[in-house]
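1. The following comprises the amino acid sequence and a computationally predicted model.
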Amino acid sequence: MAKAFNPGGQKGKLHREIGVPVGQKIPAKKLTKAEHSSNPEIKRDAIRAKTMEGWNHGGKKIKSDRGEFRMK
């Protein structure tokens, strides 16, 4: 049986590191600033968050005349 993919990291860690309350979306400006941080941990977590933004996070796929969309 194949193991489930685990991207690593701790839930909410980047939020705590850059001072955004857990549960709120991290503003793009803060995420970009964190990606260029001198702290390697913050930098790694920000790059990971940016990568995971584009992943499919579930939901129902719906086709329309404008393309395919995912509904949650």
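-> Perfect, I can see it now.

2. pretty sure residue 50 contacts residue 33?
-> No. Using C-beta atoms under 8 Å, residue 50 is not in contact with residue 33; the gap is 11.9 Å. C-betas here are computed from N, CA, C, even on glycine.

3. Over stretch 42-55, what's the mean pLDDT, rounded is fine.
-> For stretch 42-55, the mean per-residue pLDDT is 88.

4. Name the helix or strand of the protein that has the lowest mean pLDDT.
-> Least confident element among the helices and strands of the chain, by mean pLDDT, DSSP states H and E: strand 67-71 (a mean of 62).

5. which residues do residue 50 and residue 33 both contact?
-> Here residue 50 and residue 33 have no joint contacts, going by C-beta atoms under 8 Å, 6 or more residues apart in numbering.

6. counting contacts, what elements does the lengthiest helix in the chain pack onto?
-> If you go by DSSP state H, the chain has its longest helix at helix 40-53. Contact here means 3 or more C-beta pairs under 8 Å, 6 or more residues apart in numbering; DSSP states H and E; on that basis helix 40-53 packs against helix 13-18, helix 28-35.

7. Tell me which residues of that helix come out buried.
-> Across helix 40-53, burial judged by 16 or more other C-beta atoms under 10 Å covers 42, 44-46, 49.

8. which residues sit against stretch 40-49?
-> 7-9, 13-14, 17-18, 26, 31, 34-37.
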